[in-house]
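Asks: Sequence and predicted model, in that order:
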Amino acid sequence: MEKLRITSGKYRGRVIKSPTSATTHPMGSREKIALFNIISDFLPGAVVLDAFAGSGALGIEALSRGADRVVFVEKDPRAAKTIRNNLDELGAASYGKVYTCSVTKFTSKEDFDIVIADPPYDRFEISDIGSLAGLVKTSGVFVLSHPEESPKIDGLSLLQTRKYARARISIYRNIAFF
């Protein structure tokens, strides 16, 4: 098990576990700090979807920085168990719900203020990402970590992309917002 540190907020400095496997790739601290600086205005009181959740580090960081609740979607059962354990260790289990399924099979009756998608780069499929676009509230944002140029996603408008080493972080808004 790899250990990750929460970078800011009420859980700042706390350590969570990350499963060591080929199916997860924790986002680097520099990228994570940049991502949360970009979306900081959207976090207070937000309902967040952490897709391709891995260890749950991004969703837990969102909780730490003021989100009300996070839904985690992770298809690897070991990683999903790690998320549940991390939430329990932080005393945050009542603020998170973990679904063990692929993002393409995940359905929700609610929309989200923030959708964060950090898919495995070696199996990056835009069709997987597109299934999440309809879950963003009109006033919400969609955050995508990806390896190449920013993909076009139906229903979303690209606001900005930042590059960090091998990763790119793109921020989209629901097209209905404009």
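Replies: Received it, and whenever you're ready, just let me know what you need. Residues are numbered from 1 along each chain as shown.
Asks: Now do the strands in this protein.
Replies: Remark: strands assigned in the chain by DSSP state E are 2-5, 15-18, 47-51, 69-73, 96-99, 112-117, 136-146, 156-164, 167-174.
Asks: if we look at the fourth one, which residues are touching it?
Replies: Read that as strand 69-73. For strand 69-73, contacts defined as Cβ atoms under 8 Å, 6 or more residues apart in numbering pick out 47-53, 56, 59-60, 62-63, 80, 83, 95-99, 101-103, 106, 108, 112. All C-beta atoms are positioned from the backbone trio N, CA, C, and that covers glycine.
Asks: which of the residues you listed count as buried?
Replies: 47-53, 56, 59-60, 62-63, 80, 83, 95-96, 98-99, 103, 106, 112 (16 or more other Cβ atoms under 10 Å).
Asks: Next, format the strands of the chain as TSV and append mean pLDDT and distance to residue 37.
Replies: Putting the strands of the chain into TSV (pLDDT from 0 to 100; distance: least, Cβ to Cβ, whole Å) gives the following:
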stretch	mean pLDDT	distance to residue 37
strand 2-5	85	17
strand 15-18	92	20
strand 47-51	98	16
strand 69-73	98	19
strand 96-99	98	22
strand 112-117	97	14
strand 136-146	95	12
strand 156-164	94	10
strand 167-174	93	11
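Asks: Reformat those as TSV; add distance to residue 125.
Replies: Converted to TSV, those look like this (distance: least, Cβ to Cβ, whole Å):
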stretch	distance to residue 125
strand 2-5	25
strand 15-18	23
strand 47-51	13
strand 69-73	15
strand 96-99	19
strand 112-117	11
strand 136-146	11
strand 156-164	16
strand 167-174	16
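Asks: Figure out which of those strands is closest to residue 31.
Replies: Residue 31 lies closest to strand 156-164 among the strands of the chain, at 4.6 Å (Cβ to Cβ).
Asks: Who are the packing partners of the closest one?
Replies: Using 3 or more Cβ pairs under 8 Å, 6 or more residues apart in numbering; DSSP states H and E as the contact criterion, the elements in contact with strand 156-164 are helix 29-38, strand 136-146, strand 167-174.
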